[in-house]
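*Asks:* Quick one: sequence and predicted model below, then my questions.
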Amino acid sequence: MRKEIVELRKLMASDGIDAYYVPSGDFHGSEYVNAFFRTRAFLSGFTGSAGDLLVTAEGAWLWTDGRYFLQASKQLEGSGIELMKMGEEGVPAIEEFLLAEAGKKNGFVIGFDGRVVPSGFTRKLKEKLEEAGCKASFSTGKDLGGEVWKDRPEIKPTKAWELPLSSAGIDTADKIAAVREEMRKQGASHLLIADLMECAWLMNLRASDVLYTPVFFAFILLTNDSIRLYVMDGTLPDGLPERLSYVDLKPYDDIYNDVAAVPAGSRLWLDPATCNSALYDSVPEGAAVHEALTPVALMKMIKNDTETAGMRHAHILDGIAVTKMIKWLKETAETEAKTELGVTEKLKNYRLSCEDCFDLSFETIAGYGPNGAIIHYSPTPETDAEVKPAGFLLVDSGGQYYDGTTDITRTVAVGPLTEEMISHYTYVLKSHIALATYKITPDSDPVDIDKAARAPMNEVGLDFNHGIAHGVGHVLSVHEGPITIKKDRVPVPLQPGMIMSNEPGFYKEGSHGVRIENLIVFRDDGEGNIVNEPLTCVPYERKAIKKDLLTDEEITYVNKYHEWVRKTLTPLLDEETAAWLKEETAAL
């Protein structure tokens with residue numbers, strides 16, 4: 001058993017805690033977190049972005065989704081922690097598991113840091129325990145994982161900067177007015193905004209408190225006639241800009257006391273997925289709570305015309321960088337030794353050579369051969385594989401630009417391919433095209449989108465264990481929730497202006513992985529239907545396309561896409577790269 005788990009158990013015993021829960025998030029329910037909040041990774045050794053750890057005196061378990069099954073299996077090996085594969089048959093959800101554990105003992109105590117557990121999770125668990133008649137209690141006032149983590153990094157707030165109106169498109173005052181109108185419709189006197197992306201979007205401010213995600217730690221409490229912004233020391237050392245003079249700037253931790261002081265008879269709107277349990281418990285009994293996605297979340301998901309134009313521009317700049325990287329990979333495959341980490345550094349340099357790019361949007365995934373089959377693999381010095389002149393290199397990467405956020409996956413043939421690899425690539429491409437050409441009609445069942453996209457692969461027995469699409473923010477998180485397209489659900493109705501990924505894949509363990517990802521923007525076709533068009537501007541891997549497996553319509557789609565890429569990028573490339581791109585985008 002890992003020594004960190006042993007130390008945690010000692011603290012649990014001292015505090016009379018039977019089960020201790022450590023999720024992946026921070027005080028705001030974020031997917032990507034500051035290093036300070038990577039307690040689950042520290043305790044378990046599993047470094048994926050999604051995973052929940054549960055520890056009792058008898059055992060330890062880690063829940064994660066299909067993106068991380070292979071990675072978690074490797075990283076948990078010899079740890080004494082059992083992997084719980086979410087969504088797999090016979091694997092209980094963590095709430096169900098805790099319910100069974102609590103049933104074994106009267107007075108069972110479940111512990112966690114209430115600041116990092118979303119209130120929605122806690123409420124759901126309490127309801128299940130009460131329904132089952134379990135006499136369990138909660139201990140939520142201590143961060144036991146943090147007590148074990150002696151050399152835990154500090155939170156060092158970064159200075160916020162203004163996102164200009166030329167990029168944001170709508171002024172903060174106009175955004176607030178629209179939010180207040182939605183509050184009025186719901187009869188809400190107060191709105192609590194806990195999500196970091198929502199705070200940054202509403203204020204038209206950005207920072208670097210979370211790696212690759214330009215946000216700052218903040219809460220907002222909005223009423224019909226006031227707005228308070230709660231930030232850490234160092235975020236706004238010179239105060240708020242003049243355009244935000246009407247905003248009351250307050251210390252970050254004051255949010256708990258101010259929520260506790262909401263007057264009786266008030267109606268407080270909050271999102272239980274982002275409002276943490278400790279903050280929810282601060283709401284006074286005399287105040288009513290309206291639990292729903294905040295109006296800011298939906299406004300942020302539907303990009304305005306300026307944001308969409310910025311995203312288009314960012315993807316053209318990004319297309320230049322990725323195209324240059326692919327050309328370099330192919331032309332030096334046999335003449336220049338390279339590793340996965342070397343490729344990530346080369347691509348980073350291509351991106352950052354553009355003055356409009358200020359950061360990456362996530363840690364680059366560069367998986368050669370078998371590593372490409374690990375869905376969210378990122379190379380480390382310990383795993384850094386040589387990129388040989390044969391087979392596939394899967395590269396999933398993105399950049400943060402001052403007018404947009406990018407996310408692209410290209411599976412590159414760095415040498416000869418097997419017939420199986422070519423077949424797998426072509427069927428993934430067919431699924432990619434199926435989503436790219438899908439028309440959402442007013443009577444469409446959202447779940448049918450995923451079925452239609454997977455159909456070309458499913459017909460030949462292929463599939464993948466992740467969603468086919470996720471939302472993307474504007475100069476914000478590369479994963480913008482809660483919009484997603486999965487097998488079982490589409491939690492938010494898709495609307496024109498939303499920007500999402502289109503990323504089917506196939507992963508053969510021990511051999512290779514294939515994923516093709518474009519970002520797409522949804523638009524109205526003028527007849528009441530919703531269609532999508534690509535933002536990503538980089539050629540597909542033509543050496544991996546088996547033309548005989550494509551329909552005439554699919555061939556036409558590839559040729560038109562490649563023609564658009566060629567016409568868009570050629571004027572911006574040097575003569576040699578433009579000539580190379582012309583060959584790569586020639587008609588099939």
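*Replies:* Cool, the structure landed.

*Asks:* so what's Ile375 up against?
*Replies:* 66-68, 70-71, 465-466, 505, 507, 513 (C-beta atoms under 8 Å, 6 or more residues apart in numbering). The way it works is simple: take the backbone N, C-alpha and C, and place the C-beta from them, glycine included.

*Asks:* out of the residues you listed, which are inside helices?
*Replies:* 70-71 (DSSP state H).

*Asks:* And the helices in the stretch 151-300 of the chain, which stretches?
*Replies:* 165-168, 172-186, 196-203, 254-260, 277-280, 295-301 (DSSP state H, counting those that start in this stretch).

*Asks:* what's the closest of those to Gly497?
*Replies:* Nearest to Gly497, of all the helices of the stretch 151-300 of the chain, is helix 295-301, at 8.0 Å by C-beta to C-beta.

*Asks:* if I look at Pro389, how far off is Lys330?
*Replies:* Pro389 is 10 Å from Lys330, where distance means C-beta to C-beta, to the nearest Å.

*Asks:* circling back to that earlier point, deepest of the helices of the stretch 151-300 of the chain, which one?
*Replies:* Across the helices of the stretch 151-300 of the chain, averaging neighbours per residue (mean count of other C-beta atoms under 10 Å) puts helix 196-203 on top, at a mean of 26.

*Asks:* List just the one of the helices of the stretch 151-300 of the chain that sits closest to Lys487.
*Replies:* Closest to Lys487 of the helices of the stretch 151-300 of the chain is helix 295-301 (C-beta to C-beta; 21.1 Å).

*Asks:* Look up the closest residue to Leu293, ignoring the ones flanking it.
*Replies:* Spatial nearest neighbour of Leu293, chain neighbours left out: Asp271 (5.6 Å); criterion: C-beta to C-beta, 6 or more residues apart in numbering.

*Asks:* Assign the residue in the chain sticking out farthest from the centre to helix, strand or coil.
*Replies:* The outermost residue of the chain relative to its centre, with distances by C-alpha atoms, centre = their mean, is Asn106 at 39.2 Å. Counting by DSSP: H, G, I helix; E, B strand; the rest coil, the backbone at Asn106 sits in coil.

*Asks:* tell me the contacts of it?
*Replies:* By C-beta under 8 Å, 6+ apart, the contact set of Asn106 is Lys135.

*Asks:* Could you pull up the residues touching the most centrally placed residue in the chain?
*Replies:* Taking C-alpha atoms, centre = their mean as the criterion, His479 is the residue nearest the geometric centre of the chain, at 2.8 Å. By C-beta under 8 Å, 6+ apart, His479 lies in contact with 31-32, 470-472.

*Asks:* try Leu53
*Replies:* Contacts of Leu53 by C-beta under 8 Å, 6+ apart are 21-23, 40, 43-44, 60-62, 81.

*Asks:* For it, name its beta-bridge partners.
*Replies:* Beta-bridge partners recorded for Leu53 (DSSP bridges): Val22, Leu62.

*Asks:* The residue nearest to Leu293 against Ala292, yeah?
*Replies:* Yes - counting by C-beta atoms under 8 Å, Asp271 touches Ala292, with 6.8 Å between them.

*Asks:* could you check the angle helix 196-203 makes with the lengthiest helix in the chain?
*Replies:* The longest helix of the chain (DSSP H) is helix 305-331. Between helix 305-331 and helix 196-203, the angle comes out at 130 degrees (axes from the mean of the first three to the mean of the last three C-alpha atoms, to 10 degrees).

*Asks:* How much space separates Ala102 from Arg180?
*Replies:* 43 Å.

*Asks:* let me fix that: Gly467
*Replies:* Distance of Gly467 to Arg180, given as C-beta to C-beta: 34 Å.

*Asks:* possible to save the contacts of His479 as JSON lines with secondary structure?
*Replies:* Converted to JSON lines, these look like this (three-state DSSP):
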{"residue": "Glu31", "secondary structure": "coil"}
{"residue": "Tyr32", "secondary structure": "coil"}
{"residue": "His470", "secondary structure": "strand"}
{"residue": "Gly471", "secondary structure": "strand"}
{"residue": "Val472", "secondary structure": "coil"}
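
*Asks:* Now rank the residues you listed by neighbours and give me the top one.
*Replies:* Neighbour tally across the contacts of His479 (other C-beta atoms under 10 Å): the maximum, 28 neighbours, falls on Val472.

*Asks:* contacting residues for the nearest residue to that residue once chain neighbours are set aside?
*Replies:* Distances taken as C-beta to C-beta, 6+ apart put Ile499 closest to Val472, at 5.1 Å, once the chain neighbours are dropped. Contacts for Ile499 (C-beta under 8 Å, 6+ apart) come out as 303, 308, 311, 471-472, 474, 519-522, 535.

*Asks:* Could you point out which of those is nearest to Asp356?
*Replies:* The nearest member of these to Asp356, counting by C-beta to C-beta, is Met311 at 12.5 Å.
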